[in-house]
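Q: model this:
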Amino acid sequence: MSASARRAPATAGAFHKPVATREQAEVEAKGWARLASRIAVPALHGQIALPDRQLLAYEDVFATGRCELLMGDVIALADRDPAVQSRLDRLVDGVCADLRAAAEETGKNVPLAECVPDLYLDRIRLGGRLDRWYLRCDLPIALPHTDTTLTLRELADFTLTANGRQLTLNVADIIDSLRHFLAPDRSWLAGLTQGDPTEPNIADPLCWLDFEFAGRNTAAGEAANLLWYLMALGGWLVPRYQPDVYARTLRLALPPLTHPRIEHLELHQGSRHIDVRYSWNVGPGRTAAITRALDGLWGEDGSGLKEIHAFLALRILGVIPASRLTGDDLLLVLIKLAESQDPLTTTDTLFTTTPAPHPHSGERTSDVPAPA
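A: Sure, this is the predicted structure:
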């Protein structure tokens, strides 16, 4: 960014993003600049220095009429109205095409240490987020449908059968294996991307927002981020455990229809075994978005799980503190963690969903933009 742009005046139709330091603002502006000629992004008008923080002045794509909704909004509408599905299909296709193009056109094999560190390398390092959330404390888990509470360490001594598949829920061992797999000197295919492909960061018509993590990011990490947001964070965990974030970051913030639940649990103390039956209830729009993203990222063979399993584990564990989750929800998250690390799991089985009840017709929203 030129020196003359660094002190941009307030601009009509601008979104002012606060950044803590000038250095962070410069890094984000540099990341934006590396993408501006490759993908659809808002204009960056400049940087405003305030006494306590910096502001990055981006084009407000909603105020200018360039975009109407965010991906999370389009999914919520498609959950309620099949006519919106074609609009959602185009958006997901565009996102996947941009991620594939980044890998094909700017991708090269580099050590993980040369990629943007925030979402993965910083979280897996010794003393990082995963240590604080899972290893420095022994979280209690109230097992649903029982009067028993087990800690994470106690749970590791049990075998678990989830929907007929035998798994082991040893979080400490999984984190240890992640540290070896995501060693700083291990090389990955990494391209120039926005770095955080989530439902609040993608506008419709397609425009990428928020460049805090923009730069060289692993293709596997980008895929893991997108898929876990579609599967769990966007329609379930964020609105449930971060409702203020959900309301603030989405345009419509409609009530989500994703309701995973433990339907049955039997605890066999003598044999140290837990038998669980669960369902992952998801609305039709979100189901279609997940399926389309899987096909758009890898095609129908579903071969990508082997590459993304470690990044997926970090997204499962490292976004919402486990201590905030109820016993039912934490167990569901840990089951998905164990499935994601099982070598027999395919993308089809990991991202299997069941239909959520269709919302009452009275929930349909009449004052939102019509499908484009």
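
Q: The nearest residue to Arg38 once chain neighbours are set aside pairs with what?
A: Computed as Cβ to Cβ, 6 or more residues apart in numbering, the closest residue to Arg38 that is not its neighbour in sequence is Leu192, at 6.9 Å. The C-beta positions use only the backbone N, C-alpha and C, and glycine is treated the same way. Beta-bridge partners of Leu192, counted by DSSP bridges, are Arg216.

Q: Just to check, Leu192 is in contact with Ile39?
A: No: Leu192 is beyond contact range of Ile39, at 9.2 Å (criterion: Cβ atoms under 8 Å).

Q: Between those two, which contacts overlap?
A: Ala102 (Cβ atoms under 8 Å, 6 or more residues apart in numbering).

Q: about what we covered before: residues touching the residue nearest to Arg38, list them.
A: Leu192 touches 34-35, 38, 102, 106, 214-217, counting by Cβ under 8 Å, 6+ apart.

Q: cool, and Leu126?
A: Arg179.

Q: same thing with the one 4 residues further on?
A: Listed by Cβ under 8 Å, 6+ apart, the contact set of Leu130 reads 123-124, 175, 178, 314, 317-318.

Q: So for Ala372, what's the pLDDT?
A: Note on Ala372: pLDDT of 35.

Q: what's the distance between the residue positioned nearest the centre of the chain and Phe351?
A: What sits nearest the mean C-alpha location of the chain, by Cα atoms, centre = their mean, is Tyr229, with 3.1 Å. Between Tyr229 and Phe351 the computed distance is 12 Å (Cβ to Cβ, to the nearest Å).

Q: And Trp188, by the same measure?
A: The spacing between Trp188 and Phe351, counted by Cβ to Cβ, is 22 Å.

Q: quick one, which of those two is more surrounded?
A: The neighbour comparison of Trp188 against Phe351 (other Cβ atoms under 10 Å) goes to Phe351, with 25 against 22.

Q: Quick check: closest non-adjacent residue to Ala253.
A: Per Cβ to Cβ, 6+ apart, closest to Ala253 is Ala247, 4.7 Å.

Q: Tell me which helix or strand that neighbour sits in.
A: Using DSSP states H and E, Ala247 sits in helix 243-249.

Q: Which of the contacts of Leu192 are buried, as a ChimeraX select command?
A: Written as a ChimeraX command, the selection of buried residues from the contacts of Leu192, which uses 16 or more other Cβ atoms under 10 Å, is:
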select :35,38,102,214,215,216,217
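
Q: Which single one of the contacts of Leu192 is nearest to Leu56?
A: Ala214 (11.7 Å; Cβ to Cβ).

Q: Look up the pLDDT of the closest one for me, please.
A: 98.

Q: Could you pull up phi and psi at it?
A: phi -70, psi 140 (degrees, to the nearest 10).

Q: what's the spacing between it and Gly107?
A: For Ala214, the distance to Gly107 - Cβ to Cβ - is 15 Å.

Q: what do you get for Gly285?
A: 31 Å.

Q: Which residue of these two possesses the greater neighbour count?
A: Per other Cβ under 10 Å, whichever of Gly285 and Gly107 has more neighbours is Gly285, with 24 against 19.

Q: my read is the more buried one is in a helix, agree?
A: Yes: Gly285 forms part of a helix when assessed by DSSP: H, G, I helix; E, B strand; the rest coil.

Q: Let me see the contact set for it.
A: Gly285 neighbours (Cβ under 8 Å, 6+ apart): 74-80, 84-85, 88.

Q: Please apply the same query to Arg240.
A: By Cβ under 8 Å, 6+ apart, the neighbours of Arg240 are 256, 329.

Q: residues near Glu23, how many?
A: 10.

Q: And what about it, helix, strand or coil?
A: Put simply, Glu23 is helix when judged by three-state DSSP.

Q: Now the phi/psi pair for Cys115, please.
A: Dihedral pair for Cys115: phi -100, psi 170, per degrees, to the nearest 10.

Q: From Asp138, how far off is it?
A: Distance from Cys115 to Asp138, by Cβ to Cβ: 32 Å.

Q: neighbour count winner among these two?
A: Each of Cys115 and Asp138 has its neighbours counted (other Cβ under 10 Å); Cys115 has more, 22 against 12.

Q: okay, now the domains of the protein?
A: Following automatic domain parsing, one gets these domains for the chain: 3-59, 69-359.

Q: which stretch in these has the least confidence?
A: Among the domains of the chain, domain 3-59 has the lowest mean pLDDT, at a mean of 85.

Q: Secondary structure of Leu55: a helix, I assume?
A: No: counting by three-state DSSP, Leu55 falls outside a helix, being strand.

Q: if I read this right, it contacts Ile48, doesn't it?
A: Yes: contact criterion Cβ under 8 Å: Leu55 and Ile48 qualify, at 4.1 Å.

Q: next structured bit after the longest helix along the chain?
A: Determined from DSSP state H, the single longest helix within the chain is helix 85-106. Note on helix 85-106: by DSSP H and E, the next helix or strand toward the C-terminus is strand 108-111.

Q: Show me what that next one is packed against.
A: The contact analysis (3 or more Cβ pairs under 8 Å, 6 or more residues apart in numbering; DSSP states H and E) places strand 108-111 against strand 187-193.

Q: how about the strand it packs on: buried residues?
A: Buried residues in strand 187-193, counted by 16+ other Cβ under 10 Å: 188, 190-193.

Q: Could you please name the strands whichever helix or strand comes after it pairs with and the direction of each pair?
A: Next in sequence after strand 187-193, counting helices and strands by DSSP H and E, comes strand 202-204. Strand 202-204 has its sheet partners listed here by DSSP bridges as strand 69-70 (antiparallel), strand 207-208 (antiparallel).
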